[in-house]
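J.: Structure for the following, please:
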Amino acid sequence: MLHIPSVPRTALLLIVLACSLSPRVSAAQDEPPAKPLKAAGDLGYVSTAGNSDVKTLTSSDKIEYTSGRWLFTQEGAAVWGTDQGVENAGAYRLGLRADYKLAERVGVYALGSWRRNTFAGISRQFDEGVGFVYHALIPQPQQLDLEAGVGVAQRLNTFGVEDNFGTGRLATFYRYYFREKAYVEAGGAYLSNFEHTDDYETDAKAALVAPLGGMLALKVGYNYHYRNAPPPGFRQWDSTFSSGIQLTY
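T.: All right, here's what the predicted structure looks like:
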């Protein structure tokens, strides 16, 4: 049975704090024109559970550039920790993506990503894919995207076993803007393995961002990853709760 751990009590307190810091604006009015380049990076405290159980630091970044019908996105994330000088947590991810808008609500995408998490049995994994995007809700104040696509993956586990396979991908993303830099978002993705149908993965995430002033904001986030058939000796799930400061441009 899939076990979903409870969100730490600290998360609830920080979410309440973030909501109190964010003005209650139902929709953005008189907002300036969207900038072609947007960037955000954050650094904060994290508590993990699953294949690793530590308290350490996490960081991530996201860069978006819009040019006409094109949207280019770069995302990265890292979780790292040590215990008495020995690394006991290490999860790293880097992704690149290009979206092209065919119509107001329909687009296509191409993406590539790399990740490493030896504590979950993954020495390295590359994923490449293409697909379609349907913009069910267009900002502002709400955004809802539905995605479907196919791709390929190259995985090397920590036992030295390499596996190359075709994949299918379903994903969704939702965001609600209180104002330009204050929002709540949630998303999920399902990745199927066409070679071994029982070896599927799911990712879910949620975050709340509340501006503190200027380019600074408070970010509270929760990520959950589930793999149905991990290597022997590894758990099926990992979760990450984080809170920290975000710098946006």
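J.: what bridges to the residue nearest the centre of the chain?
T.: Nearest residue to the geometric centre of the chain (Cα atoms, centre = their mean): residue 205, 5.9 Å. Judged by DSSP bridges, the bridge partners of residue 205 are residue 187, residue 223.
J.: Surely it is in contact with residue 220?
T.: No. Using Cβ atoms under 8 Å, residue 205 is not in contact with residue 220; the gap is 11.7 Å. Backbone N, C-alpha and C define where each C-beta goes, glycine included.
J.: Just name the shakiest helix or strand of this structure by mean pLDDT.
T.: Of all helical and strand segments in the chain, the minimum by mean pLDDT, DSSP states H and E falls on helix 9-21, at a mean of 46.
J.: So in that sheet, which strands flank the helix or strand following that one, and in what orientation?
T.: Following helix 9-21 in sequence order, the next helix or strand is strand 37-49 (DSSP states H and E). Strand 37-49 has the following strand partners under DSSP bridges: strand 55-67 (antiparallel), strand 237-248 (antiparallel).
J.: Contacts for stretch 145-153 next, please.
T.: Applying Cβ atoms under 8 Å, 6 or more residues apart in numbering, the external contacts of stretch 145-153 come out as 109, 111, 125-136, 164-174, 191, 193.
J.: next one: it to chain centre, how far?
T.: Relative to its chain's centre, stretch 145-153 lies at 15 Å (Cα atoms, centre = their mean, to the nearest Å).
J.: what is the mean pLDDT for stretch 91-99?
T.: The average pLDDT for stretch 91-99 rounds to 97.
J.: Buried ones only from the contacts of stretch 145-153, please, as a PyMOL command.
T.: Filtering these down to the buried ones (16 or more other Cβ atoms under 10 Å) takes a single PyMOL command:
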select buried, resi 109+111+125+127+129+131+133+135+167+168+169+171+173+174+191+193
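J.: Since that was my last question, I'll sign off now.
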